[in-house]
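Novice: How does the following fold in three dimensions:
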Amino acid sequence: MKALKYILFALGLLLLVAIGMGLAGPKSFHINRSIVISSGINQVWPYVSSAEKMQLWSPWVGKDSTLQISYFGEDGAVGSGYRWEGDMLGKGEQTISMLAAPNSVRSDLKIEMPFGAQMSSTYIDLKDTLRATKVTWGMRGDNNFAGRIFGLIMNFDDEIGADYTQGLINLKKEVEAITDTVVYQINTGYFPGGQYLGIRGKVPFAEIIPFYDFNLTNLLQLVDFEAAKMEGAPMAMFYDNDVEKGTADMVVAITYPSGIKTIPVEVETISLPAAYYVTTDYIGGHHGVRRAHVAIEAYLKDNHATIAPPILEVYMSDGKNETDSTKFLTKVVYFVK
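Specialist: Reported below is the predicted structural model:
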């Protein structure tokens, strides 16, 4: 009888602790992770807007050998989704609730738990980051009573965040393997220095091409007006890319033409000092040139070199001398210290 009293006391104490934890635990949760993929946003979109293609990069598929997945609805459309069931991963379903191509996916997530279904919302946001794509994958929701208890015992951000990180790494590998099979030839050399005319601005990533086209036209009109001689190919100089703000500090530039006498106030003279450089050629539409940057950056990392801005994209082709954008030639140049 005495033992029973102790047992009841212990159970009562545990119940009070559980109630206290349930009241004190976090009422909501929000987890997210990001990665930059060296492919255009339109190449990434199919892999995040399709319930079936999501399984190609899911961090959980390979964890449960008993996992069974079934799909419902029209794949890639609002209302579509998948259900899963497995010994380790349990049971649940995810339904796409909103699609805003090619930037945002929203889904409703339902996970069956011993203490009842846990409802949450997941999101995947794509952002064009200078011809690459920043992917942010996240989940948010409200904790029920049991969820608040577990929220005090476990760090969901660490536990689930690690899976989200792995999933994004899988996505990056999947997309980049499909969109880039080119091996870039890296060359080095010495730049003796030079002078350029340019128009500078801090430009949203989505407006880089219009900014370039508009200001290149202005520079070419200046050359014609001054009856000067155009030398070399036009280029863009990139001094800084702010991924969080989605802007590039860039200059639309041409080699300083012979015969220029008067320079408008919006045009500046830019002097680049002598320096060693690393370069590669990229052939294709401008949206894919980021992959050439990645090849150079990997080379520089392997050789422990430090970048000295600006980074140049020299456009050897344009719509006048080559109408097929898949054949455009761009020289990507990094100066190094």
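Novice: so where's the stretch 151-300 of the chain shaky on pLDDT?
Specialist: Low-confidence segments of the stretch 151-300 of the chain, defined by pLDDT under 70: 151-156, 158, 179-182.
Novice: quick one, helices of it?
Specialist: Under the criterion DSSP state H, counting those that start in this stretch, the stretch 151-300 of the chain contains helices at 156-179, 208-225, 290-302.
Novice: Can you give me the buried ones in the second one?
Specialist: Going by neighbour count (16 or more other CB atoms under 10 Å), the buried part of helix 208-225 is 208, 211-212, 215-216, 219, 222-223. In this view, the C-beta of every residue, glycine as well, is placed from N, C-alpha and C.
Novice: sorry, back to before: will you turn the helices of the stretch 151-300 of the chain into CSV that also has distance to Val265?
Specialist: Converted to CSV, the helices of the stretch 151-300 of the chain look like this (distance: least, CB to CB, whole Å):
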stretch, distance to Val265
helix 156-179, 42
helix 208-225, 12
helix 290-302, 32
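Novice: Skipping adjacent residues, who's closest to the residue positioned nearest the centre of the chain in space?
Specialist: In the chain, the residue lying closest to the centroid (CA atoms, centre = their mean) is Lys134, at 1.4 Å. Nearest residue to Lys134, sequence neighbours excluded (CB to CB, 6 or more residues apart in numbering): Lys127, at 4.4 Å.
Novice: tell me which element the one you found is part of?
Specialist: Secondary structure assignment for Lys127, by DSSP states H and E: strand 118-128.
Novice: Now tell me what touches that strand from outside.
Specialist: For strand 118-128, contacts defined as CB atoms under 8 Å, 6 or more residues apart in numbering pick out 29, 40-41, 44-45, 48, 94, 97, 102-111, 133-142, 144, 147, 205-206, 246.
Novice: re the thing from before, relative to His293, which of the buried residues of helix 208-225 is nearest.
Specialist: Among the buried residues of helix 208-225, Ile208 lies closest to His293 (CB to CB), at 13.6 Å.
Novice: Please tell me how far the closest one sits from Leu300.
Specialist: Distance from Ile208 to Leu300, counting by CB to CB, to the nearest Å: 23 Å.
Novice: Give the buried residues for stretch 62-79.
Specialist: By neighbour count with 16+ other CB under 10 Å, stretch 62-79 contains the buried residues 67, 76.
Novice: How about residues contacting that stretch?
Specialist: 46, 49-52, 55, 60-61, 80-89, 95-99.
Novice: now the end-to-end length of it.
Specialist: End-to-end distance for stretch 62-79, by CA to CA, to the nearest Å: 26 Å.
Novice: Same question for stretch 37-44.
Specialist: 8 Å.
Novice: Please state the offset of it from the chain centre?
Specialist: With CA atoms, centre = their mean, to the nearest Å as the basis, stretch 37-44 stands 8 Å off its chain's centre.
Novice: Need the mean per-residue confidence for it.
Specialist: Here stretch 37-44 scores 84 as its mean pLDDT.
Novice: List the residues that contact Thr306.
Specialist: The contact partners of Thr306, taken as CB under 8 Å, 6+ apart, are 300, 336-337.
Novice: now the buried residues of helix 208-225 as CSV including distance to Ile199?
Specialist: Conversion of these to CSV gives the following (distance: CB to CB, whole Å):
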residue, distance to Ile199
Ile208, 13
Phe211, 9
Tyr212, 10
Asn215, 4
Leu216, 9
Leu219, 7
Leu222, 10
Val223, 13
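Novice: Going by distance to Ala295, which of these wins?
Specialist: Once CB to CB is applied, the member of the buried residues of helix 208-225 that ends up nearest Ala295 is Ile208, at 20.3 Å.
Novice: What count of nearby residues applies to the nearest residue to that closest one once chain neighbours are set aside?
Specialist: Leaving aside its sequence neighbours, Ile208 sits nearest to Ala248 (CB to CB, 6+ apart; 6.1 Å). Neighbour count for Ala248, taken as other CB atoms under 10 Å: 22.
Novice: Give the residue spans of the stretch 1-150 of the chain that score low on pLDDT.
Specialist: Low-confidence segments of the stretch 1-150 of the chain (pLDDT under 70): 1-28, 115, 130-131, 142-150.
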